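A.B. asks: Following is a predicted model, sequence given first.
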Amino acid sequence: MTTYAQIFENNKKWLAEKIGEDADFLKKLSRDQHPDYLYIGCSDSRVPANEIMGLEPGEVFVHRNVANLVNNIDLNVMSVINYAVEHLKVKHIVVCGHYSCGGVKAAMTPKDMGILNPWLRNIRDVYRLHQAELDAITDEHKRYDRLVELNVQEQCVNIIKTAVVQKSYIANNYPTVHGWVFDLETGLLKDLNIDFVETLHKIQKIYDLTGELANHLNK
Ligand code: CO
């Protein structure tokens, strides 16, 4: 285990390396941030956002929670999305799940998990939405993998349902929303190729919060 004191040594070593690579590192770090990406991922310690994307400090705005959920009444994630879209003007929003996600696994088990119940309910609801497809997968591990993917997909849809994303897209043509899954066994990111515009089309009848989405999409 890395000791507590070692962390501060690591920090100094990291800083020396960064300054070694780029003498202006601190000057750039202390300037305003202008990330093009908002990353919403799982809190799992094995999925470090900046590292797997190969991005430097300042290049990605990050929010992480158990099982990378975007819940409409979670003030935390909604504040992050609003700030990232309205003020940082990010061009891409990524939801990144990962196979072997403990949160998704827990939601596949019908059991009282105390304080986790309302959180995991979001994933149970994803299962219910896609029950026919999931129940048709007989291999339990494959069904688990697929639920990880469908959970990412539904969180992307949740982002597309927000007024801030719809308004910005109509005005600026960005952000677009992407769903990824990180594979712990291969170390690779998989793009689920979620069609942002098609999703906007599909949800607009019920979830257009701008009153202009239909017009905009048919232009
Ligand atoms: Co996870």
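C.D. replies: Thanks, I have it.
A.B. asks: tell me the SS of the closest residue in space to residue 197 that isn't next to it in sequence?
C.D. replies: Ranked by Cβ to Cβ, 6 or more residues apart in numbering and with sequence neighbours excluded, the top spatial neighbour of residue 197 is residue 217, at 7.1 Å. All C-beta atoms are positioned from the backbone trio N, CA, C, and that covers glycine. At residue 217 the chain is in helix, as set by DSSP: H, G, I helix; E, B strand; the rest coil.
A.B. asks: what does residue 6 give?
C.D. replies: helix.
A.B. asks: per-residue confidence for it?
C.D. replies: With respect to pLDDT, residue 6 scores 97.
A.B. asks: Hmm, residue 60 and residue 38 touching each other?
C.D. replies: Yes - between residue 38 and residue 60 a contact is recorded at 7.5 Å, counting by Cβ atoms under 8 Å.
A.B. asks: the more surrounded of the two?
C.D. replies: Taking other Cβ atoms under 10 Å, residue 38 and residue 60 do not tie; residue 38 has more neighbours (24 against 19).
A.B. asks: In contact with that one, which residues?
C.D. replies: 60-63, 80-81, 84-85, 88, 90, 92-94, 175 (Cβ atoms under 8 Å, 6 or more residues apart in numbering).
A.B. asks: Find me whatever residue is spatially closest to it, sequence neighbours aside.
C.D. replies: Using Cβ to Cβ, 6+ apart and skipping the chain neighbours, the partner closest in space to residue 38 is residue 84 (4.1 Å).
A.B. asks: Go ahead and name everything in contact with the helix or strand in which the one you found is found.
C.D. replies: Using DSSP states H and E, residue 84 falls within helix 75-86. With contacts defined as Cβ under 8 Å, 6+ apart, helix 75-86 is touched by 35, 38, 40, 61, 63, 65, 69-72, 90, 93, 159, 162, 164-165, 168, 175.
A.B. asks: if you set the cut-off to 6 Å instead, what comes out?
C.D. replies: Residues from elsewhere that reach helix 75-86 (Cβ atoms under 6 Å, 6 or more residues apart in numbering): 38, 61, 63, 70, 90, 164-165, 168.
A.B. asks: Out of these, which sit inside helices?
C.D. replies: Those of the contacts of helix 75-86 mapping onto helices are 164-165, 168, per DSSP state H.
A.B. asks: Make TSV out of the residues you listed and add pLDDT and distance to the ion.
C.D. replies: Output for the ones in helices among the contacts of helix 75-86, formatted as TSV (pLDDT from 0 to 100; distance: Cβ to the ion, whole Å):
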residue	pLDDT	distance to the ion
164	98	26
165	98	24
168	98	28
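A.B. asks: which of those lies closest to residue 187?
C.D. replies: The closest of those to residue 187 turns out to be residue 165 (Cβ to Cβ; 30.1 Å).
A.B. asks: Point to the helix or strand of this structure where mean pLDDT is at its lowest.
C.D. replies: helix 213-218 (a mean of 89; mean pLDDT, DSSP states H and E).
A.B. asks: hang on, residue 145 in a helix?
C.D. replies: Yes - counting by three-state DSSP, residue 145 is part of a helix.
A.B. asks: That one: neighbouring residues, count only.
C.D. replies: The number of residues packed near residue 145 is 18, by other Cβ under 10 Å.
A.B. asks: Would you mind measuring from it to the ion?
C.D. replies: 13 Å (Cβ to the ion, to the nearest Å).
A.B. asks: Am I right that residue 35 sits in a helix?
C.D. replies: No - read with three-state DSSP, residue 35 is coil and lies in no helix.
A.B. asks: This completes my enquiry, with thanks.
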